[in-house]
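Enquirer: build me a structure from this.
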Amino acid sequence: MPTTSLGDVDTALLLALRERAGDDGRAVAAARLLSHAGEHAGGWLLLAAAGGALDPRRRGSWWGAGAAVASAHAASVLVKRVVRRPRPDLAAAPALVGTPSRLSFPSSHAASTTAAAATLAPLLLGRRRGAAVGGGVVVAMGASRVLLGVHYPSDVLAGCATGLLTVAVARRLRGWRPVGG
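Expert: Numbering: from 1, shown residues only. So this is what the prediction gives:
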């Protein structure tokens, strides 16, 4: 009986998502927009800075959230440099967006987006709505990275785990909790 490796499953899922999206230019355009907003956690860091500037009462929570997002991004970059897994290189699903490196595991976009969902979303939308919207944004960002052909699904899952772990460590070390809206 043939065995199936993680790489086989990753490739099959990437190809299935690309096939499912087909020639839908709107899906690819939305994925590219998410990709650019998430590059180097820039969009999330801008949101944290704006929140801190506009909401002085919760400034420490906003900036703490920004620090967690930046830390998640940095942690993912560090792991990438240790693991050194190359990005997908599939003729059937070429990359649809440029990347700053050729390394894939874990997804830095997924790591920083997950950290943002756990820290910034509750500040912006309150705990319940923040959890729902944040979760949706994490799924959208993860799917976009696979659709664009720059990450395997396991890269995205590892990025999400990196983001959650970073937030957990930040909360433990600093006793920090975001103050919901």
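Enquirer: ok, now which ones touch the residue nearest the centre of the chain?
Expert: Closest to where the C-alpha atoms of the chain average out (Cα atoms, centre = their mean) is Ala110, at 1.6 Å. Neighbour list for Ala110: 76, 138, 141-142, 145, 151, 155-160, 162-163 [criterion: Cβ atoms under 8 Å, 6 or more residues apart in numbering]. C-betas here are computed from N, CA, C, even on glycine.
Enquirer: ok, Ala67 - how many residues close by?
Expert: Here the count is done by other Cβ atoms under 10 Å, and Ala67 has 18 residues near it.
Enquirer: kindly provide the distance from the nearest residue to Ser107 once chain neighbours are set aside to Ala91.
Expert: Spatial nearest neighbour of Ser107, excluding adjacent residues (Cβ to Cβ, 6 or more residues apart in numbering): Gly159 at 3.4 Å. For Gly159, the distance to Ala91 equals 25 Å [Cβ to Cβ, to the nearest Å].
Enquirer: more neighbours: which of the two?
Expert: Higher neighbour count among Gly159 and Ala91: Gly159, with 33 against 5, using other Cβ under 10 Å.
Enquirer: and the helices in the protein?
Expert: For the chain, the helices defined by DSSP state H occupy 6-21, 25-38, 42-54, 59-83, 108-125, 127-147, 153-174.
Enquirer: thinking again about what came up before, residues in contact with the spatially closest residue to the residue nearest to the centre of the chain that is not a sequence neighbour?
Expert: Nearest residue to Ala110 in three dimensions, chain neighbours excluded: Gly159, at 2.9 Å (Cβ to Cβ, 6+ apart). Counting by Cβ under 8 Å, 6+ apart, Gly159 touches Ser76, Pro106, Ser107, Ser108, His109, Ala110, Ala111, Thr114, Gly142, His151.
Enquirer: local confidence estimate at the fifth one?
Expert: Spelled out, that is His109. Per-residue pLDDT puts His109 at 95.
Enquirer: now it: closest residue in space that isn't a chain neighbour?
Expert: Distances taken as Cβ to Cβ, 6+ apart place Gly38 nearest to His109, at 4.2 Å, with adjacent residues excluded.
Enquirer: follow-up on the earlier one: please report the distance of the residue nearest to the centre of the chain from Pro88.
Expert: From Ala110 over to Pro88 the distance is 15 Å, taken as Cβ to Cβ.
Enquirer: just Ala67 next, same as before
Expert: 31 Å.
Enquirer: same check, this time on Leu165
Expert: Taken as Cβ to Cβ, the spacing of Leu165 relative to Pro88 amounts to 24 Å.
Enquirer: neighbour count: those two, which is higher?
Expert: Higher neighbour count among Leu165 and Pro88: Pro88, with 20 against 15, using other Cβ under 10 Å.
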